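Undergrad: Build me a structure from this.
(chains A and B)
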Amino acid sequence: MSNRPDIYCKTFMTDLLKLAWRNLWRNKRRTLITTASVFFGVVFATFVSSMQEGSYAQYIQAIVSFYSGYIQVHQKGYWEDKTINNLLADSPELDSTISRISHVTVVSPRLENFALASSVDLTKGALVSGISPDKEDRISRLSRKIIRGKYLKDGESGVMIGSELARYLKLRVGDTLVLISQGYHGTSAAGKYPVRGIVHLASPELDRSLVYMNIKECQVLFSAENRLTSLVIMVPEDSYVTDVQEEIKTRIGGAFEVINWKEMNSLLLKQIESDRAGGWIEKGILYMIIGFGMLGTIMMMMAERRKEFGVMMAVGTQKSRLALMVVMETVFIGLLGTVAGILGSLPAIAYFVKHPIPFTGQGGEMLKQMGFEPYMWFSIEPDLFFKQALIIFLFTLIIGLYPVYLISRLKIVNALKG
Amino acid sequence: MKNIGIIISLLLLPVFTLNLAAQTLTATEIIQKADNKSRGKSSQGTMTLTIVRPDWKRSLTFTSWTKGRDYSMIYISAPAKEKGQVFLKRGKEMWNWMPSIERLIKIPPSMMMQSWMGSDFTNDDLVKESSIIHDYTHKLIGEEMVRDQLCYKIELIPLPDAPVVWGKILTWVSKSGFDMWKAVYYDEEQQPVNTMNAYNLKQMGDRTILTTMEIIPANKKGNKTIMQVNSLVFDQPISDSFFSQQNMKKVR
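TA: As a prediction, this is how the structure comes out:
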C-alpha cells in the first residue's frame, strides 16, 4: 500500500472520519451535552436574528408603501430644496414613458405643500397632499384607513383629513375645511373644501397633519397647473429598484432627479444598520459562551484520553493524523449542534412568519404610538441561517486549534505514564 | 505775526457764517420733510408691484388709500386669482380680507416678517415704514451723489427699546426735492439686508415724486421687487371710518 500514496491517503482519511465519529459516541453523555449547548445557542441566535430582520423588513415595507414608494421622480433639485416653486411639469408623455418600462406597476402623481388648515375658530399647520386617490390606494391601501365618511373618488372635490387633525379642528364629515397658503410663484393659495372622509394614519405625526385632496383641485389651489412635487413609482419588490431607476433616468433626461427609497430614507436605514450592528454584539457574546463551553468539553476530553493518545502514538500513528482526528471530532460536534439547531428552529420560525406574535398591553400601546402595528414579525431569509452555521463552524475550527496544540506537544513517555 | 492771525480770521468769518446759514436743517427735519412729501395728509392711487426672481416674474396691481401715518388700505385689482383681496392697516395692526374663502384674517405678530404677497416686502415693512421718525435717532453723516442728485446721507439708528427689525438704516435724501433716492437697511449685526433704489421723478397730483422703487435683497441673487406708482393724488379728504374692517369687504 505504501507505494500507492493516493489510495493510502484516501483510505486513511475515511478511516480517520470513522474513528472520529465513533470516538464521539464512546462517551454519549458528553457528546450530547456539548451538542445540546451548540443547539440551544443556534436556536437562540436564529430566533433573535429572525425577529430583528423581520422587524426591519416590516419597517421598510411600511415606509415604502406608506410614504416614499420605491422610486420617486422630481424636478431636479427638489429633494434638497422642497419648496412649492421647485415643481416638475407633468405630461401624458412623461407618464407613458415611465409606465412603459418593464416591472413598473404604478406611476402616481403627488403635489404636496404646507398650509394653514382651519375650521370655524381653530387653525393648525397641515400638509396638503394632492393625489390620485385610485393610484395612491394601490400603493398604500389608503382606502382601508378610512374610519368615517368615504374614500375620495378620482376627480371628486373635497378633502380627507387625518383623524387627529379632525379631532383638533373639531371637524366632522360634511364640515368645511379652509386652507390658506402660498402657491407657485408667490400667488396666494386659499380655498374652502368639504370634508368627505376621515382617515386614521398609523404615524401620529401624519395623522395630525395630513389633508388629502384630488390632484387637479390641489393644482388649482396652488396655481400649479400640471405641476407636481413628485411622481411615485412602484415595482413588485425591492430587487427591481436599481434597474428600473436606471432605466427611468435614461429615458426621461436631465431635467429631473430620480431617487430610490434607500436614498430618500437614508437616515432610517442608518438607524437600522446600527441596530443590526448592536445585534451582532449580543450574538457575539452568545457565541463566546458557547465557544467556551465547547472548549471546556474538549479540554476535559483531551485530559481523559491522554493515555489513549499515547498508545496510538506508540503504535505508530503520526501526530498530524491524531490531531486531524480530534479536529474532526470537534467539527462534528459543532455541525451536529448547528444542523439540529437550524432544523429545530425552522418550523417554529416558519409558523411565526405567518402568524406574528401580537403585543398586548403597554408594549403594544407604545408601538402604536410610534406608528407601528403592534406585532413581532419574523423573517425566514435563508441568509440568517447560513450565517449562524458559518460562524459556529469557524468557532469550532478555532477551538480545534487547542487540541492540535496539545497533541503537538505530547511526549509519548509522559502520555503513557499518565 | 499776531496781526496775520486776526486778518485770516476776519477774512474767513463770512465763509463760516455762510455755511451756518445753509446748514440749519437737522437730520430729523430732513427725514420729516421727505416723509411728509411722499405721504401727504392723505393719498390715494394705483400701483403695480412686480416680483422678479431668477426664473419667473409676476405683477400685481392695486389701489391704495392712506391717511396720516396710521391708516392705510390696499385693494388688489389684478391678477384675477388675487383680485378682491384687501389689506387694512390701523396703527400697528394689520388685517387681510380673502373673498375666496370669505375670511378676515388678522395678521399675527408671528407672521409680520413673512413676505407680503410673495414679494421682497414683508408685512412688517408695510406697517412699520411710518416709524422712521419716531423710532430712530437721525444723524447727518455727509453728502453724496446718487444718480446725479446731490443727497444728504443720513444714518438712522433705532432707539434702544424700539420694536423695529433693523439695526441701522442709511438713507440718501435729495437736497433739492427731499426725495429719498436710496436707502440701505441693515440687520442687528450691521449686515446689509435690503437696498432700496428709487427713480423716475414724475408729477403726481400736486407734487413731483419718485414713482419707481426697487427693493433688492442682499443675499438672494436675481431677486428684486419693483413698485411702480401709476397714479397718485394727495390730501383728498378721506374719513377715518373708511379704514374699517366692514369697509374691507365693500371697497373696490
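Undergrad: show me where the chain has strands.
TA: All of this refers to chain A. Counting by DSSP state E, chain A has strands at residues A:71-75, A:88-89, A:106-118, A:123-131, A:146-149, A:159-162, A:176-182, A:188-199, A:210-214, A:227-228, A:230-234, A:256-260, A:357-358, A:375-376.
Undergrad: ah, I was thinking of chain B
TA: Using DSSP E, strands in chain B cover B:42-52, B:57-67, B:71-78, B:86-90, B:93-98, B:103-106, B:136-146, B:149-158, B:168-174, B:180-186, B:192-204, B:207-217, B:224-234.
Undergrad: Make JSON lines out of these and add mean neighbour count and distance to chain A.
TA: Where C-beta positions appear, they are placed from N, C-alpha and C, glycine not excepted. Below are the strands of chain B laid out as JSON lines (neighbours: other C-beta atoms under 10 Å in any protein chain shown; distance: least, C-beta to the nearest C-beta, whole Å):
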{"stretch": "strand B:42-52", "mean neighbour count": "18", "distance to chain A": "6"}
{"stretch": "strand B:57-67", "mean neighbour count": "19", "distance to chain A": "6"}
{"stretch": "strand B:71-78", "mean neighbour count": "20", "distance to chain A": "9"}
{"stretch": "strand B:86-90", "mean neighbour count": "21", "distance to chain A": "11"}
{"stretch": "strand B:93-98", "mean neighbour count": "18", "distance to chain A": "5"}
{"stretch": "strand B:103-106", "mean neighbour count": "14", "distance to chain A": "6"}
{"stretch": "strand B:136-146", "mean neighbour count": "14", "distance to chain A": "30"}
{"stretch": "strand B:149-158", "mean neighbour count": "19", "distance to chain A": "29"}
{"stretch": "strand B:168-174", "mean neighbour count": "21", "distance to chain A": "26"}
{"stretch": "strand B:180-186", "mean neighbour count": "21", "distance to chain A": "21"}
{"stretch": "strand B:192-204", "mean neighbour count": "16", "distance to chain A": "17"}
{"stretch": "strand B:207-217", "mean neighbour count": "18", "distance to chain A": "14"}
{"stretch": "strand B:224-234", "mean neighbour count": "18", "distance to chain A": "10"}
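Undergrad: Mind putting the strands of chain A into CSV with mean pLDDT, distance to B:Gln191 and mean neighbour count?
TA: Formatted as CSV, the strands of chain A follow (pLDDT from 0 to 100; distance: least, C-beta to C-beta, whole Å; neighbours: other C-beta atoms under 10 Å in any protein chain shown):
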stretch, mean pLDDT, distance to B:Gln191, mean neighbour count
strand A:71-75, 93, 32, 23
strand A:88-89, 90, 35, 18
strand A:106-118, 93, 28, 21
strand A:123-131, 94, 30, 20
strand A:146-149, 93, 52, 15
strand A:159-162, 96, 41, 28
strand A:176-182, 93, 26, 20
strand A:188-199, 94, 30, 21
strand A:210-214, 96, 39, 24
strand A:227-228, 94, 35, 22
strand A:230-234, 93, 36, 24
strand A:256-260, 92, 33, 19
strand A:357-358, 82, 59, 11
strand A:375-376, 76, 55, 16
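Undergrad: Of all these, which one comes closest to A:Thr97?
TA: strand A:106-118 (9.6 Å; C-beta to C-beta).
Undergrad: Pull up the pairing partners for that closest one, direction included.
TA: The strands beside strand A:106-118 in its sheet (DSSP bridges) come out as strand A:123-131 (antiparallel), strand A:176-182 (antiparallel), strand A:230-234 (antiparallel).
Undergrad: Nearest to A:Glu80, out of those strands?
TA: strand A:230-234 (13.6 Å).
Undergrad: Report the angle between that closest one and strand A:71-75.
TA: With axes from the mean of the first three to the mean of the last three C-alpha atoms, to 10 degrees applied, the angle from strand A:230-234 to strand A:71-75 works out at 160 degrees.
Undergrad: Run through who's touching strand A:230-234.
TA: A:68-74, A:78, A:88, A:90, A:94-95, A:98, A:104-110, A:112, A:138-139, A:244, A:248 (C-beta atoms under 8 Å, 6 or more residues apart in numbering or on different chains).
Undergrad: Stretch B:227-247 now?
TA: Contacts of stretch B:227-247 (C-beta under 8 Å, 6+ apart): B:40-50, B:61, B:65, B:67, B:71-73, B:88-90, B:95, B:97, B:104, B:202, B:204-207, B:209, B:211-215.
Undergrad: Check stretch A:90-98 too.
TA: A:Val73, A:Val104, A:Val107, A:Pro109, A:Asn226, A:Arg227, A:Leu228, A:Leu231, A:Ile233, A:Ile248, A:Arg251, A:Ile252.
Undergrad: out of those residues, who's nearest chain B?
TA: Checking the contacts of stretch A:90-98 against chain B with C-beta to the nearest C-beta, the nearest one is A:Arg227 at 12.5 Å.
Undergrad: Quick one: residues contacting whatever residue of the stretch 51-200 of chain B ends up closest to chain A.
TA: Chain A sits closest to B:Gly118 of the stretch 51-200 of chain B, with a gap of 2.2 Å, by C-beta to the nearest C-beta. The neighbours of B:Gly118, taking C-beta under 8 Å, 6+ apart as the test, are A:Gln182, A:His185, A:Gly186, A:Thr187, A:Ser188, B:Ile51, B:Arg58.
Undergrad: repeat for A:Ile407
TA: A:Phe309, A:Lys319, A:Leu322, A:Ala323, A:Val326.
Undergrad: Select from these the one having the most neighbours.
TA: A:Phe309 (24 neighbours; other C-beta atoms under 10 Å in any protein chain shown).
Undergrad: That one and chain B, how far apart?
TA: The gap separating A:Phe309 from chain B is 83 Å, by C-beta to the nearest C-beta, to the nearest Å.
Undergrad: for the stretch 51-200 of chain B, what are the low-confidence residue spans?
TA: Where the stretch 51-200 of chain B drops to pLDDT under 70, the residues are B:128-130.
Undergrad: swap the cut-off to 80 and go again
TA: Residues of the stretch 51-200 of chain B that meet the criterion pLDDT under 80 lie in B:92, B:109-110, B:124-131, B:163.
Undergrad: With adjacent residues omitted, what lies nearest to the residue of the stretch 151-300 of chain A found nearest chain B?
TA: Here the residue of the stretch 151-300 of chain A nearest chain B is A:Gly186; by C-beta to the nearest C-beta that distance is 2.2 Å. Residue nearest to A:Gly186 in three dimensions, not counting chain neighbours: B:Gly118, with 2.2 Å by C-beta to C-beta, 6 or more residues apart in numbering or on different chains.
Undergrad: Equivalent analysis for A:Leu127, please.
TA: Nearest to A:Leu127 is A:Ser209, by C-beta to C-beta, 6+ apart, at 4.8 Å.
Undergrad: List the contacts of the one you found.
TA: A:Ser209 makes contacts with A:Lys124, A:Gly125, A:Ala126, A:Leu127, A:Gly162, A:Leu165, as judged by C-beta under 8 Å, 6+ apart.
Undergrad: and the two most separated of those?
TA: So, these by C-beta to C-beta: farthest apart are A:Gly125 and A:Gly162, at 12.4 Å.
Undergrad: Outline the domain layout of chain A.
TA: A:5-62+A:268-417, A:71-234 (automatic domain parsing).
Undergrad: which stretch in the ones you listed has the least confidence?
TA: Here these differ in mean pLDDT, and the lowest is domain A:5-62+A:268-417 at a mean of 82.
Undergrad: CSV please, covering the strands paired with strand A:106-118 and showing distance to B:Met145.
TA: Formatted as CSV, the strands paired with strand A:106-118 follow (distance: least, C-beta to C-beta, whole Å):
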stretch, distance to B:Met145
strand A:123-131, 49
strand A:176-182, 40
strand A:230-234, 53
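Undergrad: For B:Val251, which of the ones you listed is the nearest?
TA: If you check each of the strands paired with strand A:106-118 against B:Val251 by C-beta to C-beta, strand A:176-182 wins as the nearest, at 20.7 Å.
Undergrad: No more questions from me, cheers.
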